[in-house]
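Colleague: quick check, what structure comes out for this input:
(one chain, ligands or ions: 1)
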Amino acid sequence: MTGEIDPIKVMKQEVGKAAAALVKSGTIVGLGTGSTTAYAIEYLGNRLKSGELTDIQGIPTSFQAEVLAKKYGIPLTTLDAVDHIDIAIDGADEVDPQKNLIKGGGAAHTREKVVDALADQFIVVVDGNKLVDRLGSTFLLPVEVIPMAITPVMRAIEKLGGKPELRMGVKKAGPVITDQGNMVIDVKFDSIDNPAELEKTLNNIPGVLENGLFVGVADKVLIGEVKDGQPVVREM
Ligand SMILES: O=C(CO)[C@H](O)[C@H](O)COP(=O)(O)O
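Modeller: Below is the predicted model of the structure:
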């Protein structure tokens, strides 16, 4: 233990806290997945505990979000029980200047897209390292595929110019299995010139459930940064 401050952790904490502060009492809240959103869920729980926030219901985007919501005392509901989502908070792996995203680093992009797209306001929480000029420049594009279609989907992606690789588990032999029981292919594209078109093209391949391109979904992007040794949160 050196006791040194981890700047990435601080950026994630601060941006998570800033997003959680935007949630109002009596609202339905989409709870995203990942290490940044985990801080937002924790702070939402703190606000509930202190009585500053009351009567919210969370809709989790993953098993991870569900476990965290229960840990921090956030009541949960389902999409069958509500007719809208007021606000969703979720992380991203890349954000371009048009607020288009690549998500799915946690293999949760299918449920995330359902919840984030339904929300009246979708707030993205990222640290400054996630900003890119062009999607696909630092992160492979995740594609969730039903297991029996893995081989033909990989071939179809190669024909589109992508280099697909099956995502393998860590501390688990074999592939990553999503919350829906599917697999994830991570795809390297040399250049994603038209994210909206690629999003549709990939989802049109039989066997593909959903890909990690989120085009025109984000309403607000909050960015955590460290300036002059101090954590700051700014809006894109
Ligand atoms: O899309 C996601 C999970 O599928 C996450 O939101 C994304 O991977 C960002 O995670 P983190 O905040 O841990 O960097």
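Colleague: Asp190 contacts Leu160, doesn't it?
Modeller: No: if you go by C-beta atoms under 8 Å, Asp190 and Leu160 don't touch, sitting 11.1 Å apart. The way it works is simple: take the backbone N, C-alpha and C, and place the C-beta from them, glycine included.
Colleague: neighbour-wise, which of those two wins?
Modeller: Per other C-beta atoms under 10 Å, whichever of Asp190 and Leu160 has more neighbours is Leu160, with 13 against 9.
Colleague: report the contact partners of the residue most central in space within the chain.
Modeller: Compute the mean C-alpha point of the chain, and by C-alpha atoms, centre = their mean the closest residue is Gly91, 4.2 Å away. Gly91 makes contacts with 32-37, 103, 124-126, as judged by C-beta atoms under 8 Å, 6 or more residues apart in numbering.
Colleague: same thing with Leu198?
Modeller: 160, 189, 192, 211, 213.
Colleague: quick one: low-confidence parts of this structure?
Modeller: In the prediction, the chain carries residues with pLDDT under 70 at positions 1-3.
Colleague: element containing Ala19?
Modeller: According to DSSP states H and E, Ala19 maps onto helix 7-20.
Colleague: same deal with Lys113?
Modeller: Lys113 is part of helix 109-118, with elements assigned from DSSP H and E.
Colleague: and the contacts of that helix?
Modeller: Counting by C-beta under 8 Å, 6+ apart, 30-33, 59, 61-62, 79, 84-85, 88, 90, 103-104, 122, 142, 144, 178-180, 209-212, 214, 217-218 sit against helix 109-118.
Colleague: what does this structure have sitting close to the ligand?
Modeller: Those residues of the chain that sit near the ligand, judged by C-beta under 6 Å from any ligand atom, are 32-36, 90-93, 103-109, 112.
Colleague: one more time with 5 Å, if that's ok
Modeller: 33-36, 91, 93, 103-106, 108-109 (C-beta under 5 Å from any ligand atom).
Colleague: neighbour-wise, give me the winner out of those residues.
Modeller: For the residues of the chain next to the ligand, neighbours tallied by other C-beta under 10 Å; top is His109, 32 neighbours.
Colleague: and that residue, how close does it get to Pro206?
Modeller: Taking C-beta to C-beta, to the nearest Å as the measure, His109 falls 19 Å from Pro206.
Colleague: dump the contacts of Gly91 to a markdown table, plus secondary structure.
Modeller: Listed next are the contacts of Gly91 as a markdown table, based on DSSP: H, G, I helix; E, B strand; the rest coil:
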| residue | secondary structure |
| --- | --- |
| Gly32 | coil |
| Thr33 | coil |
| Gly34 | coil |
| Ser35 | helix |
| Thr36 | helix |
| Thr37 | helix |
| Lys103 | coil |
| Val124 | strand |
| Val125 | strand |
| Val126 | strand |
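Colleague: right, I'll leave it there.
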